[in-house]
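Chemist: Below is the sequence, then the predicted model.
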Amino acid sequence: MHGFVAGRAGDETTARETLTHLQTESARRYVSPALLARVHLGLGEVEPALTRLEEAVDRHAVELIWLARRPEYAVLKNEPRYAALLEQLRLN
């Protein structure tokens, strides 16, 4: 959440540092791609966010049960790839 908020607040440096930290951590332990997607969304990066969400679906990330409800994802509501994810997860 910290990276998302930093990005939305215009603190790109902190958001990018958070993203880098999470990517580094993912080499050592599980870091949900959905978490990375939220940081990308905070930075306004829709395409990488959707790619990460697709990875999260492939990995059966449990937090995707909130995909249709979390306000961070609202910006994706008109994206066909997002709609496809919701349909795939039967969350539409």
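Modeler: Nice, I can see it.
Chemist: quick one, what contacts residue 46?
Modeler: 40, 75-76, 79 (CB atoms under 8 Å, 6 or more residues apart in numbering). All C-beta atoms are positioned from the backbone trio N, CA, C, and that covers glycine.
Chemist: quick one: which of those residues has the most company?
Modeler: Counting neighbours by other CB atoms under 10 Å, the top entry in the contacts of residue 46 is residue 40, with 22 neighbours.
Chemist: The residue of the chain positioned farthest from its centre and residue 42, how far apart?
Modeler: The C-alpha centroid of the chain is most remote from residue 28, which lies 19.5 Å away (CA atoms, centre = their mean). Distance from residue 28 to residue 42, counting by CB to CB, to the nearest Å: 23 Å.
Chemist: Ok, residue 61 next?
Modeler: 18 Å.
Chemist: Which secondary structure element of the protein has the lowest mean pLDDT?
Modeler: Ranking every helix and strand in the chain by mean pLDDT, DSSP states H and E puts helix 2-8 at the bottom, with a mean of 91.
Chemist: show me where the chain has helices.
Modeler: 2-8, 12-25, 33-42, 46-58, 80-88 (DSSP state H).
Chemist: Need the winner for burial among those.
Modeler: helix 33-42 (a mean of 24; mean count of other CB atoms under 10 Å).
Chemist: how many other residues sit next to residue 78?
Modeler: 7.
Chemist: Quick check on it: phi, psi?
Modeler: Backbone torsions for residue 78, taken as degrees, to the nearest 10, come to phi -100, psi 10.
Chemist: same question, residue 69
Modeler: Taking degrees, to the nearest 10 as the convention, residue 69 sits at phi -110, psi -30.
Chemist: residues contacting the most centrally placed residue in the chain?
Modeler: The geometric centre of the chain, computed from its C-alpha atoms, lies nearest to residue 37 (CA atoms, centre = their mean), at 1.8 Å. When contacts are counted by CB under 8 Å, 6+ apart, residue 37 touches 48-50, 52-53, 56.
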